[in-house]
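Student: Okay, sequence plus prediction incoming.
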Amino acid sequence: MEHPMTEAGTRIPTRVPEWARKVAEGLGGGPHVVVSGISVSGNIHAGNLREVLVAEAVAEALRERGERVRFIFHADTIDPLRKIAPGIPESYEEFIGHSLSRVPDPEGCHVSYAEHFLAPFEEALREMDMDIEVLRSHELYERGVYTEVTREALDRTEDLRLILQDVTNRKMPGHWSPFSPRSSSGKLTGMRVLEHVPGRTSVVFAGEDGFEEAADYSKGEGKLGWRVELAARWKALGVTFEPFGKDHTTSGGSTETADRMAREVFGYPVPGRYEYEWIGLKGRGDMSSSRGIVLLPKDLLRIMPPDAVRRIILGRDPARRFDLDLGEGFPRFMDEFRAEGGWEHPVPFIHLVTVAQTVGENVDAAAGMLSRGGYERAARNPEELARWLAYARNWAREWAPEGMKIGLLSPEESRELAAGLDDDQRDYLAAVAGEIGPDLDGDGVQDLLYSTAVGRGLKPKRAFAAVYKVLLGKTSGPKAGPFIAGLPPEEVRRRFRL
RNA sequence: GGGCCAGUAGCUCAGUGGUAGAGCAGGGGACUUUUAAUCCUCGUGUCGAAGGUUCGAUCCCUUCCUGGCUCACCA
């Protein structure tokens, strides 16, 4: 798979990170099935994306080696709704215990609760040009993909129960079953399984009201419990690699259980694994839907291209925790990203931010400003430029520290603020206005601003302060010469003649 | 309590069995020009602590200390 990386728009292959290559080396011969599984009980955020990207990197490493790879995103759509997330109506209380795929979308825009959160994520994956297959667990159950493993699990209920007790150190209730049937009410939780009828791929159970019901597990009328399902899924899908977050790999955790179940019950070798650490948001802590700290993949795609998302989310090494800095440190990240990506003559991101904020959506104006600033090359590709201006503009609006946000004042606003200047400063601006013209480049303007100030006995500091005040309403700003040279001269004159 | 990870210059981190580096910040200087501007120049820090292995360890082993994370289907 390839991704656009260069300014000219040519495509060069995604670089496979070293750590991924090493992981792939330990995986043996193919064909491979690489899986990343994520819950759709809430926003699928940029942290979740890390898991998918880890899986992608390993899949790429395998492909690079010539293996056949099936890369799957497994969405846990059949899982029951567990609690009412913030922002979800209280009335959803009645759906607790129901499959996310069968709960209505709280905002009414998708066919289900699950789809509401899955769809935007899927879209982001598409936008990232990811070669991935998205599977919905409720469909897998309905299609019978899990029928065999479910039967096996039911037949080996006792063994599974022992493993579960052993690993978690908890006593499971006597009526414990690896399978949770769905009752006629729609609930998946709290049913008591009474009997397994393998011939009919069915389970007889006591419903909430005590009456007996039956569920056909070949039709998705229920699901395996999480830890059992994990092991069962490996077998059913032939999984050979799956990354896990720290929460699952802890001792007594779900992977420890599933590993034993796979080996001892399902007779399936434990897939290769990579344990990744979590990422936080600088200054805000770990991502958490319930605490409102949510960064969506789409938020990232608004301020950087897909490969930059890959880079920033994976970091140097996904086994290491780190905090995303989308504020002050972001421009540097972007410059590094492009330097490594082989960009020729990239415009410093911070400069793009200045340009984007000055010209708004006007790409021609931006191109003009850039070429006058010495970045003719970047000005030559309007499409590419428009894309990058959008990144810069979005970043400035959504993430930039206050000090970096600028906006050219309207002539009226300029006039108002000019009232706060003293006569020396106004006279100075007027003098500059008389000299400024299209023939001056950035250095020329800088020179003009400085020498005019000195020539009139005005301290440069106060001179520049006046310039920024009238243009931006601030006392400092981007380097004045190139900035002003990029503006249409008449606009500058209008604001300087007071 | 169990598990995992980290502890190297002010900050963020690289790093190798032979006594340590980068970026940023910061100091100084240059360009008649302080700025989200270029160039030049400046870093002896007990490489968390103590033992051990070794001719020799920051890098290997052990223990400990400190911090972080995780152990409820929230990556």
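Tutor: Great, that's in hand. Computed from a predicted structure; not experimentally measured.
Student: So what's the residue count around the residue nearest to residue A:494 when sequence neighbours are not counted?
Tutor: The shortest distance from residue A:494 to any non-neighbouring residue, by CB to CB, 6 or more residues apart in numbering, is to residue A:411 (5.1 Å). To be clear about C-beta, it is placed using only N, CA and C from the backbone, and glycine gets the same treatment. Residues lying near residue A:411 (other CB atoms under 10 Å) number 13.
Student: Now residue A:453. Nearest residue, chain neighbours left out?
Tutor: Counting by CB to CB, 6+ apart, residue A:453 lies nearest to residue A:463, which is 3.5 Å off, once chain neighbours are set aside.
Student: what's around the residue of the stretch 201-350 of chain A found nearest RNA strand B, how many residues?
Tutor: The stretch 201-350 of chain A approaches RNA strand B most closely through residue A:245 (1.5 Å), counting by CB to the nearest atom of the strand. Residue A:245: 18 surrounding residues under other CB under 10 Å.
Student: that older thread, is the helix or strand hosting the residue nearest to residue A:453 anywhere near RNA strand B?
Tutor: Using DSSP states H and E, residue A:463 sits in helix A:460-472. Yes. Using CB under 7 Å from any atom of the strand, helix A:460-472 reaches RNA strand B at A:460, A:461, A:463, A:464, A:468, A:472.
Student: so the third one makes contact with residue A:431?
Tutor: Yep, that's residue A:463 we're talking about. No. At 10.1 Å, residue A:463 does not count as touching residue A:431 under the criterion of CB atoms under 8 Å.
Student: Of those two, which one has the most company?
Tutor: residue A:463 (21 against 17).
Student: Find the least confident helix or strand in chain A, judged by mean pLDDT.
Tutor: Ranked by mean pLDDT, DSSP states H and E, the helix or strand of chain A with the weakest confidence is strand A:2-4, at a mean of 34.
Student: In the stretch 251-400 of chain A, what residue spans correspond to helices?
Tutor: A:254-260, A:297-301, A:306-314, A:330-340, A:349-359, A:363-372, A:376-379, A:382-398 (DSSP state H, counting those that start in this stretch).
Student: Under the pLDDT cut-off, which ranges of the stretch 301-450 of chain A? List them.
Tutor: Along the stretch 301-450 of chain A, the model assigns pLDDT under 70 to residues A:342-345.
Student: Closest to the centroid, which residue in chain A?
Tutor: Residue closest to the mean C-alpha point of chain A, counted by CA atoms, centre = their mean, is residue A:297 at 2.4 Å.
Student: what's the closest non-adjacent residue to that one?
Tutor: Leaving aside its chain neighbours, residue A:297 sits nearest to residue A:124 (3.7 Å; criterion: CB to CB, 6+ apart).
Student: helix or strand for that neighbour, which one?
Tutor: Per DSSP H and E: helix A:113-127 holds residue A:124.
Student: Touching that helix from outside, list them.
Tutor: A:40-44, A:48-49, A:52, A:73, A:75, A:77, A:81, A:95, A:99-101, A:103-107, A:109-110, A:132, A:134, A:136, A:138, A:296-298, A:301, A:306 (CB atoms under 8 Å, 6 or more residues apart in numbering).
Student: Tell me the buried residues in that helix?
Tutor: Neighbour counts over helix A:113-127 (16 or more other CB atoms under 10 Å) mark A:113, A:114, A:115, A:116, A:117, A:118, A:119, A:120, A:121, A:122, A:124, A:125 as buried.
Student: Looking at it now, give me its mean pLDDT.
Tutor: What helix A:113-127 shows for mean pLDDT is 95.
Student: Quick check: which helices or strands does the following helix or strand past that helix pack against?
Tutor: For helix A:113-127, the following helix or strand on the C-terminal side (DSSP H and E) is strand A:133-136. Using 3 or more CB pairs under 8 Å, 6 or more residues apart in numbering; DSSP states H and E as the contact criterion, the elements in contact with strand A:133-136 are strand A:69-76, helix A:113-127.
Student: Show the pLDDT at the closest residue in space to residue A:140 that isn't next to it in sequence.
Tutor: Counting by CB to CB, 6+ apart, the nearest residue to residue A:140 once its immediate chain neighbours are dropped is residue A:146, at 6.0 Å. Residue A:146 is assigned a pLDDT of 96 by the prediction.
Student: picking that back up, do the following helix or strand past the helix holding residue A:463 and RNA strand B meet at all?
Tutor: Toward the C-terminal end, the helix or strand that comes next after helix A:460-472 (DSSP H and E) is helix A:480-486. Yes. Helix A:480-486 is in contact with RNA strand B by CB under 7 Å from any atom of the strand, via A:480, A:481.
Student: Name the residues that touch helix A:480-486?
Tutor: So helix A:480-486 is contacted by A:354-355, A:358, A:368-370, A:372-374, A:436, A:440-447, A:449, A:464, A:467-468, A:471, A:477, A:492 (CB under 8 Å, 6+ apart).
Student: Kindly report the same for stretch A:352-370.
Tutor: In contact with stretch A:352-370 (CB under 8 Å, 6+ apart) are residues A:331, A:347, A:373, A:376, A:378-380, A:382, A:385-386, A:388-393, A:395-396, A:400, A:404-408, A:478, A:483, A:486-487.
Student: Figure out the length between the terminal residues of it.
Tutor: For stretch A:352-370, the first-to-last residue distance is 9 Å (CA to CA, to the nearest Å).
Student: How about stretch A:21-32?
Tutor: End to end - CA to CA - stretch A:21-32 spans 15 Å.
Student: Now the longest helix belonging to chain A: average pLDDT?
Tutor: Longest helix of chain A, by residue count under DSSP state H: helix A:46-64. Per-residue pLDDT over helix A:46-64 has a mean of 91.
Student: How far does it sit from its chain's centre?
Tutor: In this view, helix A:46-64 has its centroid 13 Å away from the chain centroid, taken as CA atoms, centre = their mean, to the nearest Å.
Student: Quick check: which element contains residue A:16?
Tutor: Per DSSP H and E, there is no helix or strand for residue A:16.
Student: Can you get me a residue count around it?
Tutor: With other CB under 10 Å as criterion, residue A:16 counts 19.
Student: Check the gap between it and residue A:63 for me.
Tutor: Between residue A:16 and residue A:63 the computed distance is 9 Å (CB to CB, to the nearest Å).
Student: neighbours around the residue in the stretch 51-200 of chain A that RNA strand B sits nearest to, how many?
Tutor: Residue nearest to RNA strand B within the stretch 51-200 of chain A: residue A:79 (4.6 Å; CB to the nearest atom of the strand). For residue A:79, the neighbour count with other CB under 10 Å is 20.
Student: can you pull the contacts of it?
Tutor: A:39, A:40, A:41, A:99, A:100, A:137, A:223, A:226.
Student: just curious, which of these is nearest to residue A:236?
Tutor: Comparing these against residue A:236 with CB to CB places residue A:137 closest, at 10.7 Å.
Student: Looking at the buried residues of helix A:113-127, which is nearest residue A:184?
Tutor: Proximity of the buried residues of helix A:113-127 to residue A:184 (CB to CB) peaks at residue A:113, which lies at 20.0 Å.
Student: Kindly list the main-chain dihedrals of residue A:177?
Tutor: phi -140, psi 140 (degrees, to the nearest 10).
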